[in-house]
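In: Give me coordinates for this.
(chains A and B)
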Amino acid sequence: MMRNDPIKHVFIWPAVLVVLAISIFPLIYSLTTSFLSYRLIPPIPPRVVWFGNYVSLLQEPRFWNAIYTTTLIAFIAVGLQYTIGFAVALALNARVPGERLFRVALLLPMLLAPVAVALVARMIFNPTMGPLNQLLGRFGLVNLPFLTNGHWALGCIIAVEVWQWTPFVVLMMLAGLQTLPEDVYEAAELENASAWQQFWGITFPMLLPISAAVVFIRLIESYKIMDTVFVMTGGGPGVDTETLTLFAYQEGFKKFNLGYTSALSFLFLIAITIIGVTYLALLRPHLEKRR
Amino acid sequence: MSDRGLIGLSPWGRRLVTAGCLIWCLISIFPLYWVVVTAFKTPPGVVGGPTYLPFIDFTPTLQPFIDLYQGIRGEFFRTFLNSTIVGLSAAAIATAIGAMAAYALVRFEFRVRLGTGLAFFLLALGGYLLFNITFGFTRPQALLLAFPIALVAAVVANRLPLPGPILGNEDILFWFVSQRMFPPIVTAFALYLLYSEIGRLGFQLIDSFVGLTLCYVAFSLPIVVWLMRDFFEAVPIEVEEAAMVDNVPSWRIFLGIVVPMSMNGLLATFMITLAFVWNEFLFALFLTNSRWQTLPILVAGQNSQRGDEWWAISAAALVAIVPMMIMAGLLSRMMRSGLLLGAIK
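Out: From the prediction side, this is the model:
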């Protein structure tokens, strides 16, 4: 039952006001700034250039490189997180021995500061003194250029992302698994369906909505990646691992090119929105069919 | 729960699955073990190649932590305090007002016209441009003037029988949650500019407690509202209806009945928010520079300053990590009682 009581406004307005103020102010501010040519250093008075910033951004190879890098990291990392996370969740749900220990171990990584995790990763990936180098040295692979070669560095960043965020997928999928009805499986059992058939016929389709939500959340969050890259490689070598947020930071905070950075962040916003809407549109028919 | 996921697997398959879990667990734990161990190493213990076991491979020392406390590598003590103060207050405020909003969305009916939202945005934008360009106010002044005018106009417009679709509670919730989709760089950068222009008017927000906390509250609210809504939906409505029959006012129902009943949920939400604020990097990077610097910034800075002084880096990382480790322990205990399951839909 929904009540109607004037006091409801007291309840909802503080939150609405804070979110409105912190989201709409900057939105309007950067939207208008993105049409200006506006630098703080050297200080030139703002000048209206309309879509000038957007045009020069779209012609900038570094921008496209950043989009490519971010997309690569996001899609590969989320794909791996989902696959590994789902597998671990299935195993945990089946009551492997020592499940309690696993739970704490699984919860830990995602509560840690990405900055600290990246620092630890730098030590582990150290090409001469790191433990990984020692391990691979046993197999004859010594002094690999973990963070100094573009492709290796991307791989390392993805590895750290997978390490930190797979637990999130595990938790969500585990919660989903525990809501599944028992009787469907009993029926399948009577039909002599194999574990493999049960998974693709029952578990996977029934968990499709929660899977969609998990992948969506992780994908959007991965596109914002900044701290891990900032500490691990600083975007280097060259600009090989520069993500969108890092690029915007470099332009805005190092060069104080305000109009340009505002335009960049708006393009970023548009890109995220397009990805989000496409994702939901692609998935919608599947989700509705199952209901 | 039964062992359904592994039904039909041979004992061998079962062993394989367990081994897989164990390997993932080891991968999860090893870096943490490594950072704990390294923080107690002496310089020779680090440079000589990887060592793993204290007292056998190397002699542990407390020197890195003494250095930290004495502030040889940056003001850790004060930064730790900053992080704690900002984290606790932002999490507390966000949980409080977020819970109120979530309760309102669960129990009361809201109707907002789509046209009103659009009108608000256009009025705010137009008013800002008008005040800034035509009347020559500074940019923050123009924004501060346009915002309340647009808000009041929107509230009034909502009463009028305008055409267009009407949005309900679900849509308001979606609006809250969609704020999380925003790339934070958009807000962080604009907020930095706005804060610094407000600073020029004499009210310092950059590198201040108020500025940082306000921003964190706003960015935690979407999660809080989302989580708390599910907890409140689980509260049986009969209890509240009984209280309403006795004419207990709504705010007393909320504070006296609903809040105590969902204390666990509030606590979990508070901890998740605290973890989020504690680890946050981007906003702190833009909005602080010395006085209110938080731990992630200082920890990230260790990297470039310190080269390969791993003992110092590890000790620094550990300071940022340990409080969250304790939190993980607490949260996993709450999870075992099935608490967080309801929060996921």
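In: okay, CA-based contacts and neighbour counts for the rest of this
Out: OK.
In: Can you tell me what sits against the worst-scoring helix or strand of chain B on mean pLDDT?
Out: The least trusted helix or strand in chain B, going by mean pLDDT, DSSP states H and E, turns out to be helix B:43-47, with a mean of 71. Helix B:43-47 is contacted from outside by A:129, B:38, B:51, B:58-59, B:309-311, using C-alpha atoms under 8 Å, 6 or more residues apart in numbering or on different chains.
In: quick one: low-confidence ranges for the stretch 151-300 of chain B?
Out: Across the stretch 151-300 of chain B, nothing is flagged by pLDDT under 70.
In: Nearest spatial neighbour of the residue of it at minimum distance from chain A, chain-adjacent residues omitted?
Out: Chain A sits closest to B:Asn279 of the stretch 151-300 of chain B, with a gap of 4.4 Å, by C-alpha to the nearest C-alpha. In space, and not counting its chain neighbours, B:Asn279 is closest to A:Ala113: 4.4 Å by C-alpha to C-alpha, 6 or more residues apart in numbering or on different chains.
In: does any part of whichever strand or helix holds B:Val225 sit near chain A?
Out: In the assignment (DSSP states H and E), B:Val225 maps to helix B:209-233. Yes - counting by C-alpha under 8 Å from any C-alpha of the partner chain, contacts between helix B:209-233 and chain A involve B:214-215, B:217-219, B:221.
In: Most neighbours among the residues you listed, which one is it?
Out: Neighbour counts for the residues of helix B:209-233 next to chain A peak at B:Leu221, which has 31 neighbours (criterion: other C-alpha atoms under 10 Å in any protein chain shown).
In: And that residue, how close does it get to B:Met181?
Out: Distance from B:Leu221 to B:Met181, counting by C-alpha to C-alpha, to the nearest Å: 13 Å.
In: So the residue of the stretch 151-300 of chain B closest to chain A is in contact with A:Leu112, correct?
Out: Yes - B:Asn279 lies in contact with A:Leu112 (C-alpha atoms under 8 Å); the separation is 6.9 Å.
In: before we move on, back to that, pull out the buried residues from the contacts of helix B:43-47.
Out: When the contacts of helix B:43-47 are checked for burial by 16 or more other C-alpha atoms under 10 Å in any protein chain shown, the buried set is A:129, B:38, B:51, B:58, B:309-311.
In: what's the farthest-apart pair in these?
Out: Using C-alpha to C-alpha, the two most remote members of the buried ones among the contacts of helix B:43-47 are B:Phe58 and B:Glu309, lying 16.1 Å apart.
In: low-scoring stretches of the stretch 151-291 of chain A, by residue?
Out: Residue ranges of the stretch 151-291 of chain A with pLDDT under 70: A:287-291.
In: try it again with 50
Out: The stretch 151-291 of chain A contains residues with pLDDT under 50 at A:290-291.
In: residues contacting B:Leu118?
Out: So B:Leu118 contacts nothing (C-alpha under 8 Å, 6+ apart).
In: ok, back up a step: ok, the residues of helix B:209-233 next to chain A vs B:Ile29, which is closest?
Out: Of all those, the one with the least separation from B:Ile29 (C-alpha to C-alpha) is B:Phe219, at 30.1 Å.
In: That closest one: what's it in contact with?
Out: By C-alpha under 8 Å, 6+ apart, B:Phe219 lies in contact with A:19, B:179-180.
In: Over to A:Leu132?
Out: Residues counted as contacts of A:Leu132 (C-alpha under 8 Å, 6+ apart) are A:124-126.
In: what's the closest of those residues to chain B?
Out: Nearest to chain B among those: A:Ile124, at 7.5 Å, using C-alpha to the nearest C-alpha.
In: wait, doesn't that closest one sit right on A:Gly130?
Out: Yes - counting by C-alpha under 8 Å, A:Ile124 does reach A:Gly130; the two are 4.8 Å apart.
In: could I get the contacts of helix B:43-47 as CSV with pLDDT, secondary structure and distance to A:Leu190?
Out: CSV is the format used below for the contacts of helix B:43-47 (pLDDT from 0 to 100; DSSP: H, G, I helix; E, B strand; the rest coil; distance: C-alpha to C-alpha, whole Å):
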residue, pLDDT, secondary structure, distance to A:Leu190
A:Met129, 76, coil, 57
B:Thr38, 84, helix, 55
B:Thr51, 70, coil, 55
B:Phe58, 71, strand, 60
B:Thr59, 70, coil, 62
B:Glu309, 77, coil, 63
B:Trp310, 80, helix, 59
B:Trp311, 81, helix, 60
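In: biggest separation within the residues you listed, which pair?
Out: Farthest-apart pair in the contacts of helix B:43-47 is A:Met129 and B:Thr59; separation 18.0 Å (C-alpha to C-alpha).
In: before we move on, back to that, for the helix or strand that the least confident helix or strand of chain B is followed by, which residues meet the burial criterion?
Out: Going down the chain from helix B:43-47, the next helix or strand is helix B:63-70, by DSSP H and E. Buried residues in helix B:63-70, defined by neighbour count with 16+ other C-alpha under 10 Å: B:63-65, B:68.
In: So which of the residues you listed reach chain A?
Out: Of the buried residues of helix B:63-70, not one also sits near chain A (C-alpha under 8 Å from any C-alpha).
In: Can you lay out these as a markdown table showing distance to B:Val248?
Out: Listed next are these as a markdown table, based on distance: C-alpha to C-alpha, whole Å:
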| residue | distance to B:Val248 |
| --- | --- |
| B:Gln63 | 60 |
| B:Pro64 | 58 |
| B:Phe65 | 55 |
| B:Leu68 | 55 |
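In: check which helix or strand covers the residue positioned nearest the centre of chain B.
Out: Residue closest to the average C-alpha location in chain B (C-alpha atoms, centre = their mean): B:Phe276, at 3.3 Å. In this structure, B:Phe276 sits in helix B:263-279 according to DSSP H and E.
In: Report the distance from that helix to the chain centre.
Out: Centroid separation for helix B:263-279 versus its chain: 8 Å, with C-alpha atoms, centre = their mean, to the nearest Å.
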